[in-house]
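Visitor: Build me a structure from this.
(one chain, ligands or ions: 3)
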Amino acid sequence: MRIINNNISDAAKISEAWEDFLKTKYGANKSSKDTAAFRDYEVALEQQPTVAKFYKENHEKQTLQHVLEKKADYTKLDKTRMGIWQAMENLNKLVDESDPDTSLSQIAHLLQSAEAARRDGQPRWMILTCLIHDLGKYLFFLGEPQWTVVGDTFPVGCAWSDKIVYPEFFKGNPDVNDEELTSKYGIYSPNCGLANVHMSFGHDEYLYHVCKDYLPKEALFIIRYHSFYSAHTEGAYSWLMNNDDIANMKWVKTFNQYDLYSKADAEPNVEELKPYYEQLIAEYFPETISW
Ligand SMILES: O[C@H]1[C@H](O)[C@@H](O)[C@H](O)[C@@H](O)[C@H]1O
Ligand SMILES: [Fe+2]
Ligand SMILES: [Fe+2]
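Guide: Numbering: from 1, shown residues only. Ligands and ions are numbered 1, 2, ... in the order given. You can find the predicted model right below:
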């Protein structure tokens, strides 16, 4: 089944807009660590075996079928009711196996990202987005293994780009034997828009559904695609995007500086920061929401 593109998209114009996007610089690394020292998956291959092991399993098991099943289940939001701060505290016990750059708990990472955005004078919705962007990792506490919770995401149902980290691991994915699922557009049509594309299932997609009714659309886009590094950082997959996606990708790039480069900052004091962030959360969210 093909997903039809309703607006007559001008592919040439879209790729021009994408070229502009790739040329623009969004924010700067303000951390003490050199930019090139982040996300070094070659070094990780040698020195952090859990990272490569994670991606092997992730690339082998994220099939189209897997994604459709998980989406059908988790978009029901029938698992629990809980507040945002409570979710952050729950995540305290999770250390992300896919991440070569931090061994801190997730609550520390979230506060570091939010504080970096706040120092930069970003609008309140952006600070809040930084604060919550990884809360979808709550999936882990709902019993999901890390390979379908964390790590970079990528489209399923079409060819994998070699811009994805460790692309060689896809050879063990059962979808590799399906001609349609490994063609450039796969089950999609050119420039059909990312909302019509199934991404590998993980914390981005889940949290997007959890927050759908509460946040502005730019914030929701950031949450949904912040792990899509092969697109927002490596420039792949513009052929699946529409004009709105490209405009929104600029927000993802701005956000990405705070997400990635704040990992080298000092560990935040949770109790000291709590009153400020509880107030910010209350501006957008009710006391509890459905997960
Ligand atoms: O290892 C990290 C981590 O899991 C992040 O939460 C995710 O957003 C990144 O894309 C990934 O590289
Ligand atoms: Fe993330
Ligand atoms: Fe993050």
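Visitor: Flag the shaky bits of this structure, pLDDT-wise.
Guide: Counting by pLDDT under 70, the chain has low-confidence residues at 1-9.
Visitor: Show me which residues of the stretch 151-291 of the chain are close to ligand 3?
Guide: Counting by C-beta under 5 Å from the ion, the stretch 151-291 of the chain comes close to ligand 3 at residue 259. (Glycine included, C-beta is placed from N, CA and C.)
Visitor: Near ligand 1, which residues of the stretch 151-291 of the chain? Just list them.
Guide: Within the stretch 151-291 of the chain, the positions lying close to ligand 1 (C-beta under 6 Å from any ligand atom) are 151-152, 226-227, 229.
Visitor: List the buried residues for the longest helix along the chain?
Guide: For the chain, the helix with the greatest residue count under DSSP state H is helix 243-261. Going by neighbour count (16 or more other C-beta atoms under 10 Å), the buried part of helix 243-261 is 243, 245-246, 248-249, 251-261.
Visitor: Contacts only, for the residue in the stretch 51-200 of the chain that ligand 3 sits nearest to.
Guide: Going by C-beta to the ion, ligand 3 is nearest to residue 134 of the stretch 51-200 of the chain, at 4.4 Å. Residues in contact with residue 134 (C-beta atoms under 8 Å, 6 or more residues apart in numbering) are 91, 106, 109-110, 203, 207.
Visitor: Tell me the one of those residues nearest residue 157?
Guide: Within the contacts of residue 134, distances to residue 157 taken as C-beta to C-beta reach their minimum at residue 203, with 19.9 Å.
Visitor: okay, now that closest one: neighbour count?
Guide: 27 (other C-beta atoms under 10 Å).
Visitor: So it sits against residue 142, correct?
Guide: No. At 11.3 Å, residue 203 does not count as touching residue 142 under the criterion of C-beta atoms under 8 Å.
Visitor: Check the gap between the closest residue in space to residue 261 that isn't next to it in sequence and ligand 1 for me.
Guide: Spatial nearest neighbour of residue 261, excluding adjacent residues (C-beta to C-beta, 6 or more residues apart in numbering): residue 31 at 4.3 Å. Remark: distance between residue 31 and ligand 1 (C-beta to the nearest ligand atom, to the nearest Å) = 16 Å.
Visitor: got it, and residue 54?
Guide: Taking C-beta to the nearest ligand atom, one finds residue 54 at 8 Å from ligand 1.
Visitor: What helix or strand is that residue located in?
Guide: helix 49-61 (DSSP states H and E).
Visitor: got the phi/psi numbers for residue 199?
Guide: As for residue 199, its main-chain torsions (degrees, to the nearest 10) stand at phi -100, psi 150.
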